[in-house]
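S.K.: Here is the input, now give the coordinates:
(one chain, ligands or ions: 2)
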Amino acid sequence: MSLIAEDIRVTYGKREALRGIDLTALPGDVTAIVGPNGSGKSTLLSAITASLPFQGRVGLNGRDIGALKSWELAAQRAVLPQASRLAFPFTALEVVRLGLQSGTAGDKPEVPMQALARVGLAHYANRTFQELSGGEAQRVMLARVLAQVWAPVEGGQPRWLLLDEPVSSLDIAHQLQVMEIARDFARAGGGVIAVMHDLNLTALYADRVAILAEGKRLAFGSPTEVLTDDILSRAYGCALRVSAPPPQGVPYVLPHAAAV
Ligand SMILES: Nc1ncnc2c1ncn2[C@@H]1O[C@H](COP(=O)(O)OP(=O)(O)O)[C@@H](O)[C@H]1O
Ligand SMILES: [Mg+2]
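M.R.: Numbering: from 1, shown residues only. Ligands and ions are numbered 1, 2, ... in the order given. You can find the predicted model right below:
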C-alpha cells in the first residue's frame, strides 16, 4: 500500500513542466516536496491527484489511478489546493461539510465539527467563509480535506492527504499546528504528501523529502540526506548553509549571508 509516481511528464503547450519524475510515498510517512518557484511542485501534485493530463504512471494503494472512478479517488485521497478561495457565501461549517460529501464519512454528521475543532476553529463554524482571514480560510480548507478522509486507515487501506503549501499563510503557531495534524495523520497509518517552502519545518516534520528543480527530481531521501549545502544551493541557485546541533540534531538552513 503506497503512492507511487513513475516517470511523470507534463507539458503545458510546448513547455515541459515535469521531465520524468519518480516519487514513492509510504503510509506512516510525511513526504515533502520542495523546490524553487516554478520547479513543478504543484504540477506534480496535480498529476498525482489525476487533475491534469500527464504521461507516466501513478499507483494509489496498488491500483492505477487511471482505472479508479472519481468516487473511488475521492474516498482514498483528499487534496488541499494551493491558496484556494471559494466565491460562494458558505459558512465555515458548510465548507467543511463539502469535504464530507465527497468522502467516505458521509454517515458521520459529527465529523465536520470535529474537523473544525481539530484546526482550532470550532467557534468559527457559523462565520461566513469570505469573512475569514487568509490563514483562517486556509485552516478551514484543511478541515474540509480532513473531513473527507477522516479515518487515516479504512478497510485496511491507508487514506492520503495531498497538501499544496498547507502552511503558506499561517503564523508560526498555526504552522506547527497544521504540521502536527499532518504528522498525526501519518502516524495513525495514513499517508501525507505536502508541498513545502519552509525548509526548516520540512526538516522537523518530513520523513522523506523530494527536491525538485526545473521539472526534474534533484534529490530524494531523509531530511539529513537531502537538506545539504550542496543540494540546496544547486536547487535554489543561492548560497545556503545547513547546520545541525550536535550530536545528531535536525538540520536547519540559513541563507549564507545570515550564517557568516
Ligand atoms: N496552467 C499552466 N499553463 C502553462 N504553464 C503552467 C501552468 N501551470 C504551471 N505552469 C508552468 O509550469 C511550471 C511549473 O509550475 P508549478 O508546478 O505551478 O510550479 P511550483 O508549484 O513548483 O511553483 C512553471 O514554469 C509554470 O509557469
Ligand atoms: Mg505551486
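
S.K.: so where's the protein shaky on pLDDT?
M.R.: 84-85, 101-106, 245-248, 256-260 (pLDDT under 70).

S.K.: Show me which residues of it sit near ligand 1.
M.R.: Residues of the chain lying close to ligand 1 (CB under 6 Å from any ligand atom) are 12, 17, 35, 37-43. In this view, the C-beta of every residue, glycine as well, is placed from N, C-alpha and C.

S.K.: Restricted to strands, list those residues.
M.R.: Counting by DSSP state E, the residues of the chain next to ligand 1 place 12, 17 in strands.

S.K.: Would you mind listing which of the residues of the chain next to ligand 1 are buried?
M.R.: Neighbour counting over the residues of the chain next to ligand 1 (16 or more other CB atoms under 10 Å) leaves 17, 35, 39-43 as the buried ones.

S.K.: Counting neighbours, which bits of the helix or strand where Met141 lies end up buried?
M.R.: In the assignment (DSSP states H and E), Met141 maps to helix 134-148. Buried residues in helix 134-148, counting neighbours by 16+ other CB under 10 Å, are found at 135-148.

S.K.: Just the closest of the buried ones among the residues of the chain next to ligand 1 to Glu225, please.
M.R.: Gly35 (16.0 Å; CB to CB).

S.K.: Excluding residues flanking it in the chain, which one is nearest the closest one?
M.R.: Leu212 (3.5 Å; CB to CB, 6 or more residues apart in numbering).

S.K.: Name all residues that make contact with that neighbour.
M.R.: For Leu212, the contacting residues are 21, 33-35, 39-41, 44, 218, 235, taking CB atoms under 8 Å, 6 or more residues apart in numbering as the criterion.

S.K.: And what about it, helix, strand or coil?
M.R.: strand (DSSP: H, G, I helix; E, B strand; the rest coil).

S.K.: Could you list which residues are in contact with Pro89?
M.R.: 128-130.

S.K.: Could I get the full set of helices for the stretch 1-150 of the chain?
M.R.: Using DSSP state H, counting those that start in this stretch, the helices of the stretch 1-150 of the chain run over 41-48, 70-76, 92-102, 111-118, 134-148.

S.K.: in terms of contact, does Leu116 touch Arg127 like I think?
M.R.: No. At 10.4 Å, Leu116 does not count as touching Arg127 under the criterion of CB atoms under 8 Å.

S.K.: shared neighbours of these two, anything?
M.R.: Joint contacts of Leu116 and Arg127 (CB under 8 Å, 6+ apart) are Ala92.

S.K.: So which of these two has more stuff around it?
M.R.: Between Leu116 and Arg127, counting by other CB atoms under 10 Å, Leu116 is the more crowded of the two (25 against 15).

S.K.: check contacts around that one.
M.R.: With CB under 8 Å, 6+ apart, Leu116 has these contacts: 92-93, 96, 122, 124-125, 140, 143.

S.K.: If we use 7 Å, what do you get?
M.R.: 92-93, 96, 122, 125, 143 (CB atoms under 7 Å, 6 or more residues apart in numbering).

S.K.: and if you look at Arg139?
M.R.: Going by CB under 7 Å, 6+ apart, the list of residues near Arg139 reads 119, 121, 174.

S.K.: Figure out how far stretch 165-183 is from the centre of its chain.
M.R.: Computed by CA atoms, centre = their mean, to the nearest Å, the separation of stretch 165-183 from the middle of its chain amounts to 11 Å.
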